[in-house]
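**Student:** pasted the sequence and its predicted model underneath.
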Amino acid sequence: MGALALGLQLGCCLVLIFACAPVLGRTPRGQQNQQEHEATPGDSKAEGTKEPPPPRGHPERAEEEHEKYSPRQAEEPPASRCFRCCDPSAPVYQPIPVPQINITILKGEKGDRGDRGLQGKYGKTGSVGARGHMGPKGQKGSVGAPGDRCKNHYAAFSVGRKKPLHSNDYYQTVVFDTEFVNLYGHFNMFTGKFYCYVPGIYFFSLNVHTWNQKETYLHIMRNAEEAVILYAQVSDRSIMQSQSLMLELREQDEVWVRLFKGERENAIFSDEFDTYITFSGYLVKHAAEP
């Protein structure tokens with residue numbers, strides 16, 4: 001019984017020795033790398049003392065290869081890994097504070113405005129947009145300034161005489177005493193003449209009443225020349241006679257009526273109550289019009 005118990009104890013010790021032998025005989029990785037670096041290629045002693053690689057099935061070589069090619073070799077070893085008490089501990093570095101830069105100090109002052117650049121090319125003309133809505137009606141505008149009076153191409157007159165007139169040994173200008181129309185005052189009532197201020201073509205008409213047993217002989221004059229004659233022979237009856245014409249006048253031309261001097265008595269009839277003698281004229285076409 002005592003021999004059996006002793007045998008069992010020896011067997012347990014052997015099992016423990018074989019189980020712990022790989023762990024106790026393992027060299028730390030840091031020391032192993034240091035030993036490999038110390039042995040140079042030219043050192044024959046290091047080459048001679050280099051141990052041959054363990055067999056393929058050796059557990060220590062398999063564990064080293066696993067650690068060497070593991071993607072997590074840069075990470076810290078797990079907390080459960082065992083180290084010998086003589087291994088140096090990893091150095092502890094104090095964190096270095098990151099310097100802070102004040103951007104407001106580095107920012108400069110605003111510069112001056114640069115020169116204006118050249119104008120670029122005009123773009124293509126866009127298409128015409130849709131017509132907008134009609135806006136509200138605006139207010140009525142103010143009255144404009146009156147136009148130039150010189151641009152009014154109008155001229156007209158119509159005058160009459162209520163007094164009879166007899167000829168003598170000289171020519172007489174027929175002066176009129178009644179004014180029907182005298183536009184812009186172009187006909188002078190004192191001289192009995194129409195003065196042309198608007199050049200162009202004019203129409204003139206003269207109407208008189210003859211005196212019985214007397215001759216009637218008058219001229220419509222343009223300046224100092226006779227234009228047409230109004231004539232009536234001696235008759236026992238008094239009648240109305242008329243004469244009309246068109247004249248092309250220039251500015252400052254004069255048109256008037258003259259009683260002709262004759263060998264026989266020459267007269268035109270009228271009384272103090274009615275108007276028997278009339279002289280009229282008006283502008284037909286202005287000289288500047290095409």
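**Tutor:** That came through, no problem. Residues are numbered from 1 along each chain as shown.

**Student:** can you pull the contacts of Val175?
**Tutor:** Arg161, Met189, Phe190, Thr191, Gly192 (CB atoms under 8 Å, 6 or more residues apart in numbering). All C-beta atoms are positioned from the backbone trio N, CA, C, and that covers glycine.

**Student:** before we move on, what about Ala232?
**Tutor:** Thr210, Glu215, Thr216, Tyr217, Ile239, Gln241.

**Student:** tell me the two of those residues that are most distant?
**Tutor:** Using CB to CB, the two most remote members of the contacts of Ala232 are Tyr217 and Ile239, lying 14.6 Å apart.

**Student:** let's see stretch 222-241 as PDB, backbone CA atoms only.
**Tutor:** Coordinates of the C-alpha atoms in stretch 222-241 are reproduced here as PDB (Å, rounded to 0.1, in the frame of the first residue of the first chain):
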ATOM      1  CA  ARG A 222     -49.300 142.700-107.000                       C
ATOM      2  CA  ASN A 223     -46.700 145.100-105.700                       C
ATOM      3  CA  ALA A 224     -46.600 147.800-108.500                       C
ATOM      4  CA  GLU A 225     -47.900 145.600-111.300                       C
ATOM      5  CA  GLU A 226     -51.400 145.000-112.500                       C
ATOM      6  CA  ALA A 227     -52.400 141.400-112.100                       C
ATOM      7  CA  VAL A 228     -56.000 141.400-113.400                       C
ATOM      8  CA  ILE A 229     -58.700 143.900-114.400                       C
ATOM      9  CA  LEU A 230     -62.300 144.200-113.300                       C
ATOM     10  CA  TYR A 231     -64.300 146.200-115.900                       C
ATOM     11  CA  ALA A 232     -68.000 147.100-116.600                       C
ATOM     12  CA  GLN A 233     -69.200 149.300-119.400                       C
ATOM     13  CA  VAL A 234     -71.600 152.200-119.000                       C
ATOM     14  CA  SER A 235     -75.200 150.900-118.500                       C
ATOM     15  CA  ASP A 236     -78.600 152.200-117.500                       C
ATOM     16  CA  ARG A 237     -78.600 149.600-114.700                       C
ATOM     17  CA  SER A 238     -76.200 149.000-111.900                       C
ATOM     18  CA  ILE A 239     -75.100 145.400-111.500                       C
ATOM     19  CA  MET A 240     -72.600 143.300-109.300                       C
ATOM     20  CA  GLN A 241     -69.300 142.500-110.900                       C
END
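
**Student:** can you list the buried residues in that stretch?
**Tutor:** Burial within stretch 222-241, assessed by neighbour count using 16 or more other CB atoms under 10 Å, is assigned to Arg222, Val228, Leu230, Ala232, Ser238, Gln241.

**Student:** pLDDT at the first one, what is it?
**Tutor:** Spelled out, that is Arg222. Here, the pLDDT recorded for Arg222 equals 95.

**Student:** that one contacts Gln252, correct?
**Tutor:** No. Using CB atoms under 8 Å as the test, Arg222 is too far from Gln252 to be in contact (11.9 Å).

**Student:** helix, strand or coil for Tyr184?
**Tutor:** Using DSSP: H, G, I helix; E, B strand; the rest coil, the structure places Tyr184 in helix.

**Student:** check contacts around it.
**Tutor:** Tyr154, Ala155, Tyr197.

**Student:** with His186 instead?
**Tutor:** With CB under 8 Å, 6+ apart, His186 has these contacts: Ala155, Phe157, Phe194, Tyr195, Cys196, Tyr197.

**Student:** are any of the residues you listed buried, and if so which?
**Tutor:** Ala155, Phe157, Phe194, Tyr195, Cys196.
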